[in-house]
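**Q** below: sequence and its predicted model.
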Amino acid sequence: MAKKVNPYKDSDQSKKVQVTKMFDTISKEYDSLNRVISFGIDIKWRNKVVKLVDKTNPKNILDIATGTGDLAISLAETKAEEIIGLDISDGMLEVGRQKIKAKNLDHIISMVIGDSEELPFEDHTFDAITVAFGVRNFEHLEKGLAEILRVLKPNGIFVILETSVPTNPIYKAGYNFHTKLIMPTIGKLFSKDKVAYNYLSESASVFPYGEALNNILRKIGFINVEDHPQTMGVATIYSASKA
């Protein structure tokens, strides 16, 4: 079971409400800070997700926790006829809408406000579903994954891109230094929300990864579950499908 970490520890609001507030607050600075904190490597990881999805020739794709739409925009390369980006933060979605319009992709990509744990779609709707750096923000991980399985078509592909902790002691030490010191410091200096990047760091450090997350996916009912560590294990791409 994933350990629950809330952004604002002194708040009695649910994690879902807190996460929404946090991302609404940092929405306009999120992209630029994300590039700095990840050194731009996250772009390479997203491109690998696109390649995995593209192999299945999907006609429609759902990108959950789409944020400002980076992955949804990249998924347009698959030639899917429809891409829906869903997020609980309208602030993040609005930034995404502007980016999509600027790239003339608004005839393919639509941004929808919604809850990953109560998806507003019929069963067996999507050929492919993706989540990039979002599953650790689910308030109830297994409930969210079960919803994803429900709306995924049989033989459809589900791909997660999420942070993970390197197993090599040297890489792990470097990862801990970056996530526990560098990332929160940059966040405090340049972010409107001084706790947001502490939360992003802490939630990443305690979230299940590798075989632990594989087993959760299998428990929910996904098949063909695989994990592919990226960049010395600081992130992992997971792929699965539906029987």
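**A** Sure, I can see it. Given the structure is predicted, the values throughout are model-derived calculations rather than measurements. Numbers count the residues shown, from 1 in each chain.

**Q** where along this structure do the strands fall?
**A** Assigned by DSSP state E, the chain shows strands spanning 60-64, 82-87, 109-113, 126-132, 152-163, 223-230, 235-241.

**Q** out of the ones you listed, the one nearest Thr25 is which?
**A** Closest to Thr25 of the strands of the chain is strand 82-87 (Cβ to Cβ; 14.2 Å). (Glycine included, C-beta is placed from N, CA and C.)

**Q** leaving out sequence neighbours, find the closest residue to Lys103.
**A** The spatially closest residue to Lys103, leaving aside those adjacent along the chain, is Ile73, at 6.3 Å (Cβ to Cβ, 6 or more residues apart in numbering).

**Q** pretty sure the one you found sits against Lys101.
**A** No: using Cβ atoms under 8 Å as the test, Ile73 is too far from Lys101 to be in contact (11.1 Å).

**Q** give me the buried positions along the longest helix seen in the chain.
**A** What stands out as the longest helix in the chain, according to DSSP state H, is helix 15-38. Buried positions in helix 15-38, judged by neighbour count with 16 or more other Cβ atoms under 10 Å: 15-27, 29-31, 33-34, 37-38.

**Q** the inter-axis angle of that helix versus strand 152-163?
**A** If you take axes from the mean of the first three to the mean of the last three Cα atoms, to 10 degrees, helix 15-38 sits at 60 degrees to strand 152-163.

**Q** show me how far helix 15-38 is from its chain's centre.
**A** Relative to the centre of its chain, helix 15-38 is centred 12 Å away, using Cα atoms, centre = their mean, to the nearest Å.

**Q** what is the mean pLDDT for it?
**A** Averaged over helix 15-38, pLDDT sits at 89.

**Q** outside of that helix, which residues touch it?
**A** Helix 15-38 is contacted by residues 4-8, 11, 13, 42, 67-68, 70, 87-92, 94-95, 115, 117, 137, 139, 182-183, 186-187, 190-193, 195-197, 199 when judged by Cβ atoms under 8 Å, 6 or more residues apart in numbering.
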